[in-house]
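>>> Starting from these lines, generate the structure:
(one chain, ligands or ions: 1)
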Amino acid sequence: MTFDCQDKTLLDDWLTAGPSSRVEHATARTPYTTRLLGTEIALWRDAAGQVHGRAGAAPLLVLEAYGYLWVCPSGQPRKALFAFPEFSQDGRRIVDCDGIGVSVSGLRMVENFLDMGHFPYVHASYLGEVPQTEVAKYDVSVDESADEIWATNCRFYQPRTSKAATTGLEVQYAYRVMQPMSAMLYKTAFPRPGEMDAIGLFVQPHDEDHITAYCLLSYFDDTSTETDLIAFQHTIFGQDKPILESQVPKRMPLQLGAEMPTRCDAMSVAYRRWLSTRGTSYGTVR
Ligand SMILES: [Fe+2]
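As a prediction, the model looks like this:
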């Protein structure tokens, strides 16, 4: 095995290796190199536009989707990459915010992304505000056919939900976990009633404690500049980074009862149970 990882749930899945722009000028002789699951991998585009990869001398199975590079480390994907229909829906703007390096397990990163409870404290005056700290009850379900978790009917009062927002509003949310290290957040698209903006979080695990967390927006927003949209997301991620990096342990404990008094929300419980059930171990406390 080329990769320093025993976890079949990651080895047989599609893991991101960053935005497609990384291989814009990469060739077989001068490839883009990056670390994935503890191993240096090389990626490049051939003259016909096809992306290739290798880990050491071994060829890698790579695909391009949603403006991102995806690698199946074992070369035997258990299923197709998750669907992201909002990526190609008319009227939406796709904005790639690129990534931020975080010294933490990818599972911790995703769990933090799913947690509304930290908004008023970590993202004060952006995504929440004391004293409106209560997380209202929401619904959690597992889509067995797609093997994905959904949290729906989530709502939260936000002083400034996005770059386009000018006043505080109650925002409707839905969360979706597609892979152990990929999740999506859907939130009220204020310029387009009835529609939801989508924010994708794609985590590249460099190793068990070091990741790059990439963020891709699919928004109904005709007014904000691309720079403003990216800066807003980087502000939010920048607020999360020191919190995540100070978590002890950096890896996710999956034993029943671990940390539950401080992280007792339904989505977190469902995510941990889903990881346990499918046998995800990379980035966990073992
Ligand atoms: Fe956060």
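
>>> the helices in the stretch 51-200 of the chain, which residues?
In the stretch 51-200 of the chain, the helices defined using DSSP state H, counting those that start in this stretch lie at 106-113, 119-122.

>>> quick one: contacts of the shortest one?
Contacts of helix 119-122 with the rest of the structure, by C-beta atoms under 8 Å, 6 or more residues apart in numbering, involve Leu127, Gly128, Glu129, Val130, Pro131, Gln132, Thr133, Phe156, Gln158, Gln239, Asp240, Ile243. The way it works is simple: take the backbone N, C-alpha and C, and place the C-beta from them, glycine included.

>>> what distance separates that helix from the centre of its chain?
A distance of 19 Å separates the centroid of the chain from that of helix 119-122, by C-alpha atoms, centre = their mean, to the nearest Å.

>>> List the buried residues for that helix?
Using 16 or more other C-beta atoms under 10 Å as the test for burial, helix 119-122 gives Phe119, Pro120, Val122.

>>> Tell me the spacing between the second one and Ile236.
If I follow you right, that is Pro120. For Pro120, the distance to Ile236 equals 13 Å [C-beta to C-beta, to the nearest Å].

>>> Kindly report the same for the first one.
Phe119 sits 10 Å away from Ile236, taking C-beta to C-beta as the criterion.

>>> shared neighbours of the two, which are they?
Taking C-beta under 8 Å, 6+ apart as the criterion, Phe119 and Ile236 both touch Leu127.

>>> From the contacts of helix 119-122, keep the buried residues only.
The neighbour-count criterion (16+ other C-beta under 10 Å) marks Leu127, Gly128, Glu129, Phe156, Gln158, Gln239, Asp240 among those as buried.

>>> Report the separation between Ile94 and Met109.
Here Ile94 is placed at a distance of 22 Å from Met109 (C-beta to C-beta).

>>> who's more crowded, those two?
When Ile94 and Met109 are compared for neighbours, Met109 comes out ahead with 25 against 16, by other C-beta atoms under 10 Å.
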